[in-house]
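Chemist: Starting from these lines, generate the structure:
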Amino acid sequence: MENMPYIQTEIPDNENVLNNKLNAKVKYVEDVTTALNEHDDRRVYELINSKKYNELIRGVEHADDNRSLASLVTDLQPDLSHHLADKLIQYLAEAFPFFYYQESALGVFEVYFGNWWDRAYFGRLDPINVQFKFKQEEYQKLVESVRLAAKGQRYHSAAIDELTKTNEELQQLVEKQGERNTQRQNLENQLAQLDEKGGFFNRPSTEERDNLKTQLSALDEEDEQAETVPDQIEKNNATILAYSKEDTILIYEQRAINEKFGSFDQFEAAAKSLYVDYVKQLAAVAEGGQADA
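Modeler: So this is what the prediction gives:
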């Protein structure tokens, strides 16, 4: 019986290839470590996403990615985010001076609009991707308030007008209590007169009696509703106050944006180009004022 090898393969020994791959990984980790120790955030951004960096900062078309290497530090993203946020927020303090930040967990930065009372929670800052992740509900509210402001309206104008009209109608319901009392007395008198005319051969029509009772029931319903008017008006006034406060906050937000950017469109453009603007600024500082990385 011939000796048969336990392994049969036509693939050549790849020890050199394996060593090269391992060396590349080691060098990558060393490069990241050096960049962090030297506080070279520009270099960190280049290392953690070379494709994005080369395409947006260097202008290279269809640049290769380094995802396999970058995956080596994936589990360090909270730590990297915490580290990168330091210089980024210093930059944002001038670029977007109306945003304030709170680190709620390691590397997690909540964004608040303004330093005034009852300011809005506006989303999160992503230091690794250099990106605002706005809370869509608040952002769309601001977008709509800007659109309405161009027409001389506020975000809650229509809702406040509707509630104000409702309160006026409710108040009228209370003020007409005397009229309802008089009307009720007249209806009850008519019912009594019908009963007085009644007899076996002179019985009032059922239709006429039912009509009077229907009118009395309607008055009872209005009286019951009138009893709840104070609570309804109080509730509506509380809502109107809340809407008014929110409209005031939205005015503050628009004013802050216009003072810095001149228009909401310019603000949106600056938010979208944040990565390019910030990383180029890092490159310029690192290279003595030359923005070419």
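
Chemist: can you pull the pLDDT of residue 204?
Modeler: Here, the pLDDT recorded for residue 204 equals 55.

Chemist: With the one 5 residues further on instead?
Modeler: Per-residue confidence (pLDDT) for residue 209: 70.

Chemist: And stretch 19-26, how far out from the chain middle?
Modeler: Its chain's C-alpha centre and that of stretch 19-26 lie 44 Å apart, by C-alpha atoms, centre = their mean, to the nearest Å.

Chemist: what's the answer for stretch 134-143, then?
Modeler: 4 Å.

Chemist: list the buried ones in it?
Modeler: With burial defined by 16 or more other C-beta atoms under 10 Å, the residues of stretch 134-143 counted as buried are 134, 135, 138, 139, 141, 142. Any C-beta I mention is one placed from the backbone N, CA and C, and that applies to glycine too.

Chemist: Can you lay out those residues as JSON lines showing pLDDT, secondary structure and distance to residue 114?
Modeler: Shown next, in JSON lines, are the buried residues of stretch 134-143 (pLDDT from 0 to 100; DSSP: H, G, I helix; E, B strand; the rest coil; distance: C-beta to C-beta, whole Å):
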{"residue": "134", "pLDDT": "98", "secondary structure": "strand", "distance to residue 114": "14"}
{"residue": "135", "pLDDT": "97", "secondary structure": "coil", "distance to residue 114": "14"}
{"residue": "138", "pLDDT": "96", "secondary structure": "helix", "distance to residue 114": "12"}
{"residue": "139", "pLDDT": "97", "secondary structure": "helix", "distance to residue 114": "14"}
{"residue": "141", "pLDDT": "97", "secondary structure": "helix", "distance to residue 114": "14"}
{"residue": "142", "pLDDT": "97", "secondary structure": "helix", "distance to residue 114": "12"}
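
Chemist: Which one of these is nearest to residue 278?
Modeler: residue 134 (17.0 Å; C-beta to C-beta).

Chemist: What residues are bridge-paired with the residue lying closest to that closest one once chain neighbours are set aside?
Modeler: In this structure, residue 134 finds its nearest non-sequential neighbour in residue 123, 4.1 Å apart by C-beta to C-beta, 6 or more residues apart in numbering. Note on residue 123: beta-bridge partners by DSSP bridges are residue 111, residue 134.
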